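K.L.:
sequence? don't have it. structure:
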């Protein structure tokens, strides 16, 4: 596998379920990101991890819980979500410089019933 | 604080016509600017980026963009549209710092190419 991969690609869950999204990067990067992409809204940065440490949380509700066990893997644990949380969740990675490009995975399309 | 404005949420062109997607930015420091493309049901793919070298940046698939500091613009162009260019395009500005490359995105422009 190359680049950034995300699983699952599609997820349907009820409001009482617990599920996890997985992201893996094969680029040797040290920074990883979670974004939320909702219809007709700009991409929203949710979390940033550098060398496995969380460096940014953009006021994300606690029903979203990220985990970064190493520089190559990033998870987003979901519990008691709301229908308005339905969106495309994108993972990205980059090197730790301001000029470097963020490489995105294909996303997980989440639907909360 | 940085921001990006993409003028026109929808742009429609004929196949073979010029593509022009507009992006204006606001940044308190010299910016790094990016254009990404998103095809249906896919993630974002980098088209090109400006990092304070040449002001005219060439990217993939025949796209290019020109950085104009006086106009705070970074418009994306392609001389001749192809059907496969139909997608959503995002302009972004980078804020470097301890968190790495933090991107602020515009709202996107949906490009339609008519036969």
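P.N.:
Perfect, I can see it now. None of these values were measured; they are calculated from a predicted model.

K.L.:
Give me the residue at the spatial middle of chain B.
P.N.:
In chain B, the C-alpha closest to the average C-alpha coordinate belongs to residue B:35, at a distance of 3.2 Å (Cα atoms, centre = their mean).

K.L.:
Hmm, residue B:45 and that one touching each other?
P.N.:
No: if you go by Cβ atoms under 8 Å, residue B:35 and residue B:45 don't touch, sitting 10.0 Å apart. C-beta: built from backbone N, CA, C; applies to glycine.

K.L.:
Report the buried residues of stretch A:89-99.
P.N.:
A:89-96, A:98 (16 or more other Cβ atoms under 10 Å in any protein chain shown).

K.L.:
What's opposite residue B:4 in the beta bridge?
P.N.:
Beta bridges link residue B:4 to residue B:25, judged by DSSP bridges.

K.L.:
Could you check how many residues crowd around it?
P.N.:
Using other Cβ atoms under 10 Å in any protein chain shown, residue B:4 is surrounded by 23 other residues.

K.L.:
remind me which residues of chain A are low pLDDT?
P.N.:
A:1, A:97-99 (pLDDT under 70).

K.L.:
just chain B next, same as before
P.N.:
The low-confidence ranges in chain B, as defined by pLDDT under 70, are B:96-101.

K.L.:
hey, where'd the strands end up in it?
P.N.:
B:3-7, B:10-14, B:19-26, B:32-38, B:44-50, B:56-58, B:64-68, B:73-78, B:87-95, B:102-105, B:109-114 (DSSP state E).

K.L.:
How about chain A?
P.N.:
A:4-7, A:10-13, A:18-25, A:31-37, A:44-50, A:53-57, A:64-70, A:73-79, A:87-94, A:103-104, A:108-112.

K.L.:
who touches residue A:52 in this structure?
P.N.:
By Cβ atoms under 8 Å, 6 or more residues apart in numbering or on different chains, the residues touching residue A:52 are A:68-71.

K.L.:
Residue B:110 now?
P.N.:
B:9-11, B:87-89.

K.L.:
Give me the buried entries from the contacts of residue A:52.
P.N.:
Buried, going by 16+ other Cβ under 10 Å: A:68, A:71, out of these.

K.L.:
which one of the contacts of residue A:52 is nearest residue B:1?
P.N.:
Closest approach between the contacts of residue A:52 and residue B:1, by Cβ to Cβ: residue A:68, at 26.5 Å.

K.L.:
what are the phi and psi angles of residue 59?
P.N.:
All of this refers to chain A. Main-chain dihedrals, residue A:59, degrees, to the nearest 10: phi 50, psi 40.
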